[in-house]
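Asker: All I have is the shape, not the residue letters:
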DNA sequence: ATGGCTCCATACTGGAGA
């Protein structure tokens, strides 16, 4: 007999402007039908989020916009998106829209857009490390609640050398510096699992290719969009991957969507 | 080491991204 269970598909996608990317976003959602989606880099103020077009294909959403940059959203088809917070705790002065959290089908889902941090060292790198410290504290707090947790989005962290096409070129970059990688490892040490690496420990897997020099055609990429799963979710993990072909579409983002499937 | 490309802003140029 086969086990009788349903699956739930959760995706993350840095769209690099939700309005510039709307045709591609709608096409990808229509083709892949994820149950839950976290979006980053909306690059739209709150009232310019294309909620009508998203509702029209069956998704509901919560989002936190910002003028020009940043912006995050959580979408779902078939589940209520129960908002928990729309900022990362720990700094009331931080006005950048980089974190949103909801309970969806009993799972706490944090959608995040971690700061880039370049140039490093400097104030932007300090902001990145401070943000990671706040994320660590919040990630630890979430584990104390009796709910499964998924923290997903654009981490702007290259975890290891195998996650970048030429690691020696990135040693001084904010995405790959020792402080950044150490902070990411400290998140995992709390008890979170890197879903892609758990299921594909040796594969070369990228989620981002820059717009320059035919980076996608040469597969000169980075793995910087991640799924961190609490133990309760990690035990339910069935599959994880990257919708790499979307990066090859016309007028596409520099990131590709990343997804997991879990038992429901 | 640099620049290549794409997006937004009140725009014919600059900042940010990674």
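Answerer: Cool, the structure landed. Predicted model, so just to flag it, every value in this text is computed and none were measured.

Asker: Please, where are all the strands along chain A?
Answerer: For chain A, the strands defined by DSSP state E occupy A:7-14, A:36-40, A:60-64, A:72-76, A:82-85, A:99-104, A:107-113, A:149-154, A:193-194, A:208-209, A:221-222, A:225-229, A:237-242, A:258-263.

Asker: Quick check: residue A:193 touching residue A:229?
Answerer: Yes - between residue A:193 and residue A:229 there is a contact under C-beta atoms under 8 Å: 4.7 Å. To be clear about C-beta, it is placed using only N, CA and C from the backbone, and glycine gets the same treatment.

Asker: more crowded one of the two?
Answerer: residue A:229 (27 against 18; other C-beta atoms under 10 Å).

Asker: In contact with the residue nearest the centre of chain A, which residues?
Answerer: Chain A has residue A:153 as the residue nearest its centroid, 1.1 Å off, counting by C-alpha atoms, centre = their mean. Residues in contact with residue A:153 (C-beta atoms under 8 Å, 6 or more residues apart in numbering) are A:12, A:14, A:38, A:40, A:72, A:110-114, A:225-226.

Asker: Over to residue A:176?
Answerer: So residue A:176 contacts A:158, A:164, A:167, A:170 (C-beta under 8 Å, 6+ apart).

Asker: what residues does chain A put near DNA strand B?
Answerer: Within chain A, the residues that sit near DNA strand B (C-beta under 7 Å from any atom of the strand) are A:14, A:16-17, A:19-20, A:41, A:43-45, A:67-69, A:115-116, A:118-119, A:124, A:154, A:156, A:175, A:208, A:210-213, A:222, A:224, A:251, A:254.

Asker: Sort out which of these are buried, if you could.
Answerer: Buried by 16 or more other C-beta atoms under 10 Å: A:14, A:16, A:41, A:43-44, A:115-116, A:154, A:156, A:175, A:208, A:222, A:224, A:254, out of those.

Asker: got a markdown table for those, with pLDDT too?
Answerer: Shown next, in a markdown table, are those (pLDDT from 0 to 100):
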| residue | pLDDT |
| --- | --- |
| A:14 | 98 |
| A:16 | 98 |
| A:41 | 98 |
| A:43 | 97 |
| A:44 | 97 |
| A:115 | 97 |
| A:116 | 97 |
| A:154 | 98 |
| A:156 | 98 |
| A:175 | 98 |
| A:208 | 98 |
| A:222 | 98 |
| A:224 | 98 |
| A:254 | 98 |
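
Asker: now the residues you listed in TSV, with distance to residue A:242?
Answerer: Shown next, in TSV, are those (distance: C-beta to C-beta, whole Å):
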residue	distance to residue A:242
A:14	12
A:16	16
A:41	17
A:43	22
A:44	25
A:115	22
A:116	20
A:154	13
A:156	17
A:175	17
A:208	10
A:222	12
A:224	11
A:254	13
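
Asker: So which bits of stretch A:24-35 are buried?
Answerer: Applying 16+ other C-beta under 10 Å to stretch A:24-35 flags A:24-26, A:28-29, A:34-35 as buried.

Asker: Can you check the pLDDT for residue A:59?
Answerer: We have a pLDDT of 98 for residue A:59.

Asker: Please apply the same query to the one 5 residues further on.
Answerer: The model reports residue A:64 with a pLDDT of 98.

Asker: all helices in the stretch 101-250 of chain A, in order from the N-terminus.
Answerer: Remark: helices assigned in the stretch 101-250 of chain A by DSSP state H, counting those that start in this stretch are A:123-144, A:178-189, A:195-199, A:231-234.

Asker: With mean pLDDT added, can I get those in TSV?
Answerer: Formatted as TSV, these follow (pLDDT from 0 to 100):
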stretch	mean pLDDT
helix A:123-144	97
helix A:178-189	98
helix A:195-199	98
helix A:231-234	98
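
Asker: ok, and which of those helices has the densest surroundings?
Answerer: Across the helices of the stretch 101-250 of chain A, the average number of neighbours (mean count of other C-beta atoms under 10 Å) peaks for helix A:195-199, which reaches a mean of 20.

Asker: Which strands and helices lie in contact with it?
Answerer: strand A:225-229, strand A:237-242 (3 or more C-beta pairs under 8 Å, 6 or more residues apart in numbering; DSSP states H and E).
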